[in-house]
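S.K.: pasting the sequence and the predicted model now:
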Amino acid sequence: MKQPMRKLDVSLTHTTADLTLSVKEKQRSKISCGEDFKAKVYFSSKPSKEFDLHYHALSKGMIFKSGSIKVSTEQTNALESLVGQAKELSASESNNEKESIEGKVVSDQEIILPIDYKVSPSLKLVVFINDGNQTLTDSHTYDVEACQNHKVKAEWSEEKVYPGSPVTLSVAAEPDSLCAISA
């Protein structure tokens, strides 16, 4: 009989904070290099509440970008964009859950992060809000496609050739790039 080799302890903590926070779109596919990545953060609170949303973007054990954004919950509700086509399920016959969320709105904020060779191969985004004596956090690690500091291009002179036919390999790179070919 094979015994388990790893153990994961999970503990739940409940808060009485009037605010919730979540990083949405925790995508599993790799983020494209050379583009701006927009991470969407959702939060729920009473309308017109103001707070600071802090974030740290980490890669290779270092913080490459951090900041804070002054956020105000809006009167319009972004709940539809958060849940999309999801269906509501309830384990109880009463609607106590619905009554407890009345008076709150869901808002969102985008954090824009430049993706380049500095964040390849992974990026961890940590977001947090200090609300009185409580800190609400969420994080996610995103995979980033392979990025290089210098662009290198290699191409063959012919797409298809017979064995023994002459063919040329052209390599082009930016100045001060280091290129190597192994055969």
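M.R.: In hand now; what should we look at?

S.K.: going by C-alpha atoms from here, please, whenever you check contacts or count neighbours.
M.R.: OK.

S.K.: tell me the SS of the residue of the chain positioned farthest from its centre?
M.R.: Distance from the C-alpha centroid of the chain, by CA atoms, centre = their mean, peaks at residue 164 (49.5 Å). What DSSP: H, G, I helix; E, B strand; the rest coil gives for residue 164 is coil.

S.K.: quick check: the gap between it and residue 125.
M.R.: From residue 164 across to residue 125, the span is 52 Å (CA to CA, to the nearest Å).

S.K.: and if you look at residue 27?
M.R.: Distance of residue 27 to residue 125, given as CA to CA: 12 Å.

S.K.: quick one, which of these two is more surrounded?
M.R.: Neighbour count, other CA atoms under 10 Å: between residue 27 and residue 125, residue 125 has more, with 21 against 12.

S.K.: quickly find the element holding the more buried one.
M.R.: In this assignment (DSSP states H and E), residue 125 forms part of strand 122-131.

S.K.: flag every buried residue along the helix or strand following that strand.
M.R.: Next in sequence after strand 122-131, counting helices and strands by DSSP H and E, comes strand 134-143. For strand 134-143, a neighbour-count test (16 or more other CA atoms under 10 Å) marks 136, 137, 139, 140, 141, 142, 143 as buried.

S.K.: bridging residues for the fifth one?
M.R.: According to DSSP bridges, the residues that bridge with residue 141 are residue 124.

S.K.: re earlier: in the strand holding residue 125, what's buried?
M.R.: Buried, per 16+ other CA under 10 Å, within strand 122-131: 122, 123, 124, 125, 126, 127, 128, 129.

S.K.: so what secondary structure elements neighbour that strand?
M.R.: With contacts taken as 3 or more CA pairs under 8 Å, 6 or more residues apart in numbering; DSSP states H and E, strand 122-131 sits against strand 20-23, strand 50-59, strand 134-143.

S.K.: so where's the protein uncertain?
M.R.: Within the chain, the stretches with pLDDT under 70 are 1, 4-5, 7-16, 25, 75-102.

S.K.: strands of that one, residue ranges please.
M.R.: Along the chain, counting by DSSP state E, strands occupy 20-23, 36-45, 50-59, 62-72, 105-114, 122-131, 134-143, 152-156, 169-173.
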